[in-house]
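Asker: what would the 3D arrangement of this be:
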Amino acid sequence: MNRDVRAPEVEPAGLVSEAISEVGMSHEGSEFGIVAASLGATVFTSESRIINPAELVARVDFALYESQGCRA
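Answerer: Numbers count the residues shown, from 1 in each chain. Here you go, the predicted structure:
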C-alpha cells in the first residue's frame, strides 16, 4: 500500500485541505481557531488487489488517520 502523502494521486487532497485553511473561517471549537480539514485518499486501479468495497473504505480510512498524523 502506498502511504506516501506526497504521491501525485493524493496531492489534490492536500490542495483542498490547504485551500480550506487559507480561507481562515473562524471555528471557536477548534484547537486551530479556524476551520481545517483532514482528507484521506487511495487509488483503485485494475492492478489493485482490493477484494471488496470494505477493503477500499479501510484503505481510505487509514489514509485519513495518516493525514492527521495518527497511526492506525
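Asker: quick one: residues contacting the residue nearest to Arg59 when sequence neighbours are not counted.
Answerer: Distances taken as C-beta to C-beta, 6 or more residues apart in numbering place Thr42 nearest to Arg59, at 4.2 Å, with adjacent residues excluded. Every residue, glycine included, has its C-beta placed from N, CA and C. Going by C-beta atoms under 8 Å, 6 or more residues apart in numbering, Thr42 touches Met1, Leu56, Arg59, Val60, Phe62, Ala63.
Asker: could you dump the residues you listed into TSV with neighbour count and distance to Gly69 added?
Answerer: Compiled in TSV, the contacts of Thr42 are given as follows (neighbours: other C-beta atoms under 10 Å; distance: C-beta to C-beta, whole Å):
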residue	neighbour count	distance to Gly69
Met1	9	18
Leu56	15	23
Arg59	20	18
Val60	14	17
Phe62	17	13
Ala63	23	12
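Asker: got any ranges where the chain has weak pLDDT?
Answerer: 1-10, 71-72 (pLDDT under 70).
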